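K.L.:
I would like the atomic coordinates for the input below:
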Amino acid sequence: MRIATVTLNPAFDLVGRLARIEIGEVNTVETLGLYPAGKGINVAKVLADLGTKLSVTGFLGEENQGDFVQSFTKNGVDDQFYRVAGKTRINVKITETEADVTDLNFLGFEISEEEWEKFTAQTQNWESQFDLVAVCGSLPRGVSPEKFALWLETLHQQGLKVVLDSSNAALTAGLNAHPWLVKPNRRELEVWAGRALNSIEEVIVAAQELRAKGIENVIISMGEKGSVWINNEGVLQAQPPRCENVVSTVGAGDSMVAGLIYGFSQGWDKAKTLAFASATSALAVSQSNVGVSDKTALEGILAQVKLTEL
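P.N.:
Predicted structure coming up:
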């Protein structure tokens, strides 16, 4: 399977940890790292660690691209990013003791009409290069949700399997562009549905409504309650083992997307794919950076994932 991940609005993730943020006070934060990131780049890092060859694309600021380029080279991914003037932004992600993550996401570069047209023109023959394209993360300034949805529809028209993992207006617009798979979390599903979802039954009803929009695979991540996958084969829930040593939940969702794509690339069935994706996500919360550095630990978690047909 030929795979690409798309990150339209990448960022350096400055990741730190402290007991509790005191608003309006000076907070001393333990630095966990500064990583070239963005949701699609995180997905690609996990896939590369699992031995998958793939391409990465999107927009990248010219002025501070060095660490990104170095990371792509190190991970052996094919760099097809479109360069724009300016710097890629920095996002601050702080994990508190109870594993709550506070994100301070800054605005990055602005994409001109001309840059958007040049980028999207390059994507019009992607069916000759790729089978599956994962479009992940937020939109940069200059790219409206409407423009984004129109572009996603062109990928669908090419017959590509489009995996969409976004939020807010980008997710709402993108859901109308016939993605093959979407993975909102429970909160994002509540926003889309316009109501609170207080039980797994209510989550499944809302996910079924989403699937009725012509989306083949709807996967809802629910934190420590695991995840549910709804498609024409029915409803499957995966429950990973509880992680006793949560370092950071940054990248857990991206790791899950990578695990799903890896399962598809291996030709696995639904149960094996969801179990593996759940284990990959559970492993992510025990480390400060995204990736699979310890395959033995991953196998240990995988053996404890509980699957239930609902």
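K.L.:
what secondary structure does E190 sit in?
P.N.:
Following DSSP: H, G, I helix; E, B strand; the rest coil, we place E190 in the helix state.
K.L.:
per-residue pLDDT, it?
P.N.:
Per-residue pLDDT puts E190 at 94.
K.L.:
which residues touch the closest residue to it other than its chain neighbours?
P.N.:
Distances taken as C-beta to C-beta, 6 or more residues apart in numbering put L197 closest to E190, at 5.2 Å, once the chain neighbours are dropped. Yep, even glycine has a C-beta here, placed from its N, CA and C like the rest. If you count contacts by C-beta atoms under 8 Å, 6 or more residues apart in numbering, L197 has them with 186, 189-190, 203, 206.
K.L.:
please produce TSV containing these, extended by neighbour count.
P.N.:
Output for the contacts of L197, formatted as TSV (neighbours: other C-beta atoms under 10 Å):
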residue	neighbour count
R186	21
L189	23
E190	17
V203	22
A206	22
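K.L.:
reduced to three states, what does the residue nearest to E190 come out as?
P.N.:
Judged by three-state DSSP, the three-state class of L197 is coil.
K.L.:
let's number from 4 now, not from 1
P.N.:
Shifting the count to begin at 4 puts that one at L200.
K.L.:
for it, give its distance to L110.
P.N.:
30 Å (C-beta to C-beta, to the nearest Å).
K.L.:
follow-up on the earlier one: in JSON lines: the contacts of L200, plus distance to N220.
P.N.:
Output for the contacts of L200, formatted as JSON lines (distance: C-beta to C-beta, whole Å):
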{"residue": "R189", "distance to N220": "17"}
{"residue": "L192", "distance to N220": "14"}
{"residue": "E193", "distance to N220": "20"}
{"residue": "V206", "distance to N220": "15"}
{"residue": "A209", "distance to N220": "15"}
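K.L.:
ok, of the residues you listed, which one's closest to K275?
P.N.:
V206 (22.8 Å; C-beta to C-beta).
K.L.:
A209 and W232, how far apart?
P.N.:
Taking C-beta to C-beta, one finds A209 at 14 Å from W232.
K.L.:
same deal with D103?
P.N.:
Going from D103 to W232 by C-beta to C-beta gives 26 Å.
K.L.:
looking at those two, which is more packed in?
P.N.:
Taking other C-beta atoms under 10 Å, D103 and W232 do not tie; W232 has more neighbours (26 against 11).
K.L.:
surely that one is in contact with N220?
P.N.:
Yes: counting by C-beta atoms under 8 Å, N220 is a contact partner of W232 at 6.8 Å.
K.L.:
which parts of the stretch 54-203 of the chain are helices?
P.N.:
Along the stretch 54-203 of the chain, counting by DSSP state H, counting those that start in this stretch, helices occupy 69-78, 116-125, 148-160, 171-177, 189-196, 203-214.
K.L.:
report the beta-bridge partners for N188.
P.N.:
Beta-bridge pairing of N188 under DSSP bridges involves S224.
K.L.:
so for it, what's the pLDDT?
P.N.:
The model's pLDDT for N188 equals 91.
K.L.:
ok, now which ones touch the residue nearest to S74 when sequence neighbours are not counted?
P.N.:
Nearest non-adjacent residue to S74, counting by C-beta to C-beta, 6+ apart: P39, 4.8 Å away. With contact taken as C-beta under 8 Å, 6+ apart, P39 is in contact with 13, 15, 70-71, 73-74, 91.
K.L.:
thanks a lot, see you next time.
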